[in-house]
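Undergrad: Okay, predicted coordinates and the sequence, questions at the end:
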Amino acid sequence: TMPKEPTVLRQNILDTTAAILACGIDPKKCFLFRQSLVPEHAELAWILGCLTNVPRLLRLPQWKMKSASQNSEGTVGLLTYPVLQAADILLYKSTRVPVGEDQVLHLELAQDIAQHFNKKYGEFFPVPKAILSEL
């Protein structure tokens, strides 16, 4: 949600990819891709954003903390980031999502959005469940 210099962003992508591979992820057994090259993430985020009310987003603790650190001038990108996260999860019809305690509320938002979408348009998205780790 914060602007980055293009060269720094490109290096961050390479560094993250290297870290994933160094952790033992085998690209022969799973898909590795650059999410920003898949337009369906942003497209679904737009659709889901049209089903999500602003007061719900304003109540999320991450919004409150980060907008406060930006002198209450948080960006629309920061406010709607949890909707993009929901799109990231729902686009692949994920049923289980590994999250830390700090992301439980965002996953709950994804669950609520999936349920709302399904009620309005018919069963389409599974309602994802959290996999919490002590780590």
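TA: Structure's in. What do you need?

Undergrad: Please make it C-alpha for all contacts and neighbour counts, starting now.
TA: Fine.

Undergrad: in this protein, which spans are strands?
TA: Counting by DSSP state E, the segments of the chain that form strands are 96-99, 129-132.

Undergrad: Now do the first one: which elements does it pack against?
TA: It stands for strand 96-99. strand 129-132 (3 or more Cα pairs under 8 Å, 6 or more residues apart in numbering; DSSP states H and E).

Undergrad: Outline the domain layout of this protein.
TA: As given by the TED database, the domain ranges for the chain are 1-32, 36-132.

Undergrad: residue closest to the middle of the protein?
TA: Central residue of the chain (Cα atoms, centre = their mean): Q85, 1.5 Å from the mean position.

Undergrad: Can you dump the C-alpha atoms of the lowest-mean-pLDDT helix or strand in the chain in CSV for me?
TA: For the chain, counting by mean pLDDT, DSSP states H and E, helix 61-69 ranks last in confidence among helices and strands (a mean of 77). The C-alpha atoms that make up helix 61-69 are tabulated as CSV, following Å, rounded to 0.1, in the frame of the first residue of the first chain:
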residue,chain,number,x,y,z
PRO,A,61,-7.5,-2.7,13.8
GLN,A,62,-4.8,-2.7,11.1
TRP,A,63,-6.6,0.3,9.5
LYS,A,64,-6.9,2.1,12.7
MET,A,65,-3.2,1.6,13.6
LYS,A,66,-1.7,2.3,10.2
SER,A,67,-3.9,5.3,9.4
ALA,A,68,-3.1,6.8,12.8
SER,A,69,0.6,6.4,11.9
